[in-house]
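[1] pasting the sequence and the predicted model now:
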Amino acid sequence: MNNLRVTIILTLVSLLFIPTFLHADDEVNGCGSPICGLCPKFMHDVVPFSQTFEKACNQHDRNYSKSGMSKREADKAFYRDMKKIADKESDILKPFARASAWAYYTAVKLGGDCSYDEAQKKARKKAAKKK
């Protein structure tokens, strides 16, 4: 049980304070927050399940960028996507993956307002340019 607690705590701390790295798609940045600037690439490998959940994280970023999609809707879809991914893990890893999914969800629920607001602002600017 202590390992599970450590996984949750490490995930929450790292998601709030460890940035992710540039992707080709400017709407996505993988699992994490770019609020701290650049960080060595190896840190991406330290965050529990960040590579496992990367597809869900990128979809979450896209959802934040969808005009009209609420933050709550985007965060709930993110959690559902991660739970589906976690359930595909082995019986040994599944509880850790599900705990990490909850920690990721909690991190975006509590600390994602700025990212959501920025993504919505970019989406509005992009839509205005198309007109």
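    Done, it's in. Please read all numbers here as calculations on a predicted model, not as lab measurements. Numbers count the residues shown, from 1 in each chain.
[2] residue contacts, the spatially closest residue to T52 that is not a sequence neighbour?
    Excluding the flanking residues, the one nearest T52 by Cβ to Cβ, 6 or more residues apart in numbering is I85, at 6.2 Å. For every residue, glycine as well, the C-beta is placed using N, CA and C. If you count contacts by Cβ atoms under 8 Å, 6 or more residues apart in numbering, I85 has them with T52, F53, K55, A56, A97, A101.
[3] with the residues you listed in mind, which one is nearest to F78?
    A56 (6.1 Å; Cβ to Cβ).
[4] contacts only, for the closest one.
    A56 neighbours (Cβ under 8 Å, 6+ apart): F78, D81, M82, I85.
[5] so which of the residues you listed are in strands?
    With DSSP state E as the criterion, strands contain none of the contacts of A56.
[6] highest neighbour count among those?
    Neighbour count (other Cβ atoms under 10 Å) singles out M82 as the most crowded of the contacts of A56, with 26 neighbours.
[7] so where does K88 fall, helix or strand?
    Following DSSP states H and E, there is no helix or strand that holds K88.
[8] could you check the pLDDT of it?
    According to the prediction, K88 has pLDDT 95.
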